[in-house]
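1. Next one to model:
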Amino acid sequence: MNEHKEVVGFGRSSWPAEETLWAVSIALGTLIAAAESVFGSTTALLVGISLAMNPFCFQAKARNARLFGATKSDNQAPLVHVSLWPESKSPIGLDTKIEKRIDGLLKRMTVGEKVGQVIQPEWKSISPAEVAQYHIGSIENGGGAVPGGNKHSSVQDWVNLVEPYYDASVDPARNRVIIPLIWASDAVHGHNNVYGATLFPHNIGLGAAHDRDLIRRIGEVTAAEMRSTGMDWSFAPTIAVARDDRWGRTYESYSEDPKIAAQYAAAIVEGLEGSGSTFLDKDHVISTAKHFLGDGSTDGGRDQGDSLVSEADLIRLHAAGYTQAIDAGTQSIMASYNSWHGVKMHANKVLMTEVLKGQMGFDGFVIGDWNAHGQIPGCTKADCVQVFNAGVDIFNAPQDWKALYANLVREVNDGTIPKARLDDAVRRILRVKMRMGVFDESAPDKRLNTYLPIGTPGHRAVARQAVRESLVLLKNDGVLPIKPNATVLIAGDGADNIAMQAGGWTLSWQGADNGPNDFPGATSIYQGLKAEIDADGGRALFSFRGVATGFGRRTRRRRADRQIRLYRQAQFLLAQTPGSDTVECRGCDL
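-> From the prediction side, this is the model:
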């Protein structure tokens, strides 16, 4: 057999600068050398499976990371030239009737009723009775916060969870002013917290598709399945422009190219929220453009770290997606954990209020990230005036919400928080709720689109198209397509691991505790390839350990010898590149 070794890689939507190409070439060179040492004259085909299927590839955990890196107050932030920032305009515009209706509600509401609107607990830490008692405006389910602790909860189970909280918010016997509650969830690659929902490739894979209409359709499917479970609001899209592949959340970024991020930001917002006559109708949900701003630009790729980029690059690279998201009508923007030149974004009043709400014309509300206010110097999770006065309209306070409520009421009454600032935040929240029609809509379990099937063949067809389009062929010198009757070895611990393919934000926060039974109807890379190879009369072999495991260790020599014999049977090798289970600041005090 002729000696012929080839590399076919499936990779990212756009490579970073020369140093990353150098690093990738070194990695591929090492893989080729390992294959040559094993295969001898056997034809080897090394395939790197797309980050769309395995979002953990190319993630590197930042060692000895400075996790938070914020030591400065807002008045120590670098000078921002507000007039240099882009102008945007929501296609919705202010509605005089809605604004008058809000005026009437604000006049009737007490400070306590207003404060309840600006706090979002996680459902596990609050009862429906407390929703009415504290006038809570929104609830979220964090990653893994599933009904009854059961990851396999049904659509009915989810509706049964949401309904009592909603009912408590509109019960006239317990509420002087009726303001319906809205429910939020991290639906970041489909309705990924719900068993049996349609899962899509993560953003870094979708960036390789270069298909704006596909992204819009993904948003539509996600919104429809969220509505099936009685939910109103998605914490998506992430429109970070990842500039350092060491960042553990690189897979949540569409691209390092701001043009792709901007195009996709508009498309996914349109899909989630609708547009024109379908804007926030019964089939759509509130979108959340996140994380404002510079989460993909931190020094050394440290998650929640400090961005040291210039204002010009912050505008040119990292604000590009927000301009398009606002122009498409996004109603929510989430502040970022990271700092910019030492000042936490949650406390950066100039960027959040003067730039985002002023120059960029954003008229929806800003929500904080999970307990991010507790990272601000001088703040705790239960008390943080700085963040609210800087422009965050809703505190993301999953557990310490009750103490936070008491402190906010006190701080408004003593003037630490201006009443005008509280009224502005509540106005923005009520504006979005009225635009969505929740004041006039029935309870979740009575809505026409609740209980509709999820994970349908039509929805999964969109996901299959997304996987196909997200694959990138880097090189092929006549090796593909694989010839019929070939013997193909599929190697790597992720090749027959659906959980690794699905990655983070899948049924749980990290997605690392899932197994094959958690994905009804899903097919692993190995299973899919084996079916096609067998159908063509070939033979599919599988090696969990991969190419080089065991070499150089006496205790593993026998295992290595067995693998060598296995490899020499194959004419082709398809190697799934290993990845990390790192998603987001594991172990941080959030």
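
2. three-state assignment of the one residue sitting closest to the centre of the chain?
-> Nearest residue to the geometric centre of the chain (CA atoms, centre = their mean): residue 188, 4.1 Å. Taken by DSSP: H, G, I helix; E, B strand; the rest coil, the conformation at residue 188 corresponds to coil.

3. for the closest residue to residue 307 other than its chain neighbours, what are its contacts?
-> Nearest residue to residue 307, sequence neighbours excluded (CB to CB, 6 or more residues apart in numbering): residue 294, at 3.9 Å. The way it works is simple: take the backbone N, C-alpha and C, and place the C-beta from them, glycine included. By CB atoms under 8 Å, 6 or more residues apart in numbering, the contact set of residue 294 is 307, 309, 314, 318, 336, 338, 340, 345.

4. go on, residue 331?
-> By CB under 8 Å, 6+ apart, residue 331 lies in contact with 273, 280, 286-287, 364-365, 432, 435-436.

5. which of those residues has the most neighbours?
-> The residue in these with the most neighbours, by other CB atoms under 10 Å, is residue 287 (31 neighbours).

6. shaky segments in this structure?
-> Counting by pLDDT under 70, the chain has low-confidence residues at 1-77, 545-567, 571, 573, 575-590.

7. quick one, domains of it?
-> Domain assignment for the chain by automatic domain parsing gives 5-50+472-575, 107-451.

8. Please work out which of those is packed deepest.
-> For the domains of the chain, average neighbour numbers computed from mean count of other CB atoms under 10 Å are highest in domain 107-451, which has a mean of 22.

9. Quick one: end-to-end distance for it.
-> End-to-end distance of domain 107-451: 38 Å, with CA to CA, to the nearest Å as the criterion.

10. What's the separation between the residue nearest to the centre of the chain and residue 395?
-> With distances taken as CB to CB, to the nearest Å, residue 188 is found 21 Å from residue 395.

11. rewinding a little: quick one: the domains of the chain as CSV, columns for distance to residue 458 too.
-> Output for these, formatted as CSV (distance: least, CB to CB, whole Å):
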stretch, distance to residue 458
domain 5-50+472-575, 14
domain 107-451, 8
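
12. and of the ones you listed, who's closest to residue 97?
-> Using CB to CB as the measure, domain 107-451 is the one of the domains of the chain that comes nearest residue 97, at 9.0 Å.

13. Figure out how far the closest one is from the centre of its chain.
-> 11 Å (CA atoms, centre = their mean, to the nearest Å).

14. Check stretch 539-546 too.
-> On CA atoms, centre = their mean, the centre of stretch 539-546 falls 32 Å from that of its chain.

15. Can you show me the strands along the stretch 351-500 of the chain?
-> Using DSSP state E, counting those that start in this stretch, the strands of the stretch 351-500 of the chain run over residues 365-367, 395-396, 487-491.

16. hang on, the earlier thing: isn't the residue nearest to the centre of the chain right up against residue 235?
-> Yes: between residue 188 and residue 235 there is a contact under CB atoms under 8 Å: 6.8 Å.

17. still on that earlier bit, pick the one among the contacts of residue 294 closest to residue 491.
-> Of the contacts of residue 294, the one sitting nearest to residue 491 (CB to CB) turns out to be residue 338, at 37.5 Å.

18. Show the backbone phi and psi for that closest one.
-> For residue 338, the backbone dihedrals (degrees, to the nearest 10) come out as phi -70, psi 170.

19. tell me the contacts of the residue found closest to residue 430 once you drop the neighbours it is linked to in the chain?
-> Using CB to CB, 6+ apart and skipping the chain neighbours, the partner closest in space to residue 430 is residue 102 (4.9 Å). Neighbour list for residue 102: 427, 430-431, 434 [criterion: CB under 8 Å, 6+ apart].

20. element containing residue 102?
-> According to DSSP states H and E, residue 102 maps onto helix 96-108.

21. Equivalent analysis for residue 334, please.
-> Assessed by DSSP H and E, residue 334 sits inside strand 332-335.

22. Which strands border the next helix or strand along the chain from that strand, and is each parallel or antiparallel?
-> Downstream of strand 332-335, the first helix or strand assigned by DSSP H and E is strand 339-340. Sheet pairing of strand 339-340 (DSSP bridges) gives strand 306-307 (parallel), strand 343-344 (antiparallel).

23. Would you mind pulling the contact partners of the next helix or strand after the first one?
-> For strand 306-307, the succeeding helix or strand toward the C-terminus, using DSSP H and E, is helix 311-313. Outside helix 311-313, the residues that touch it by CB under 8 Å, 6+ apart are 78, 80-81, 84, 297.
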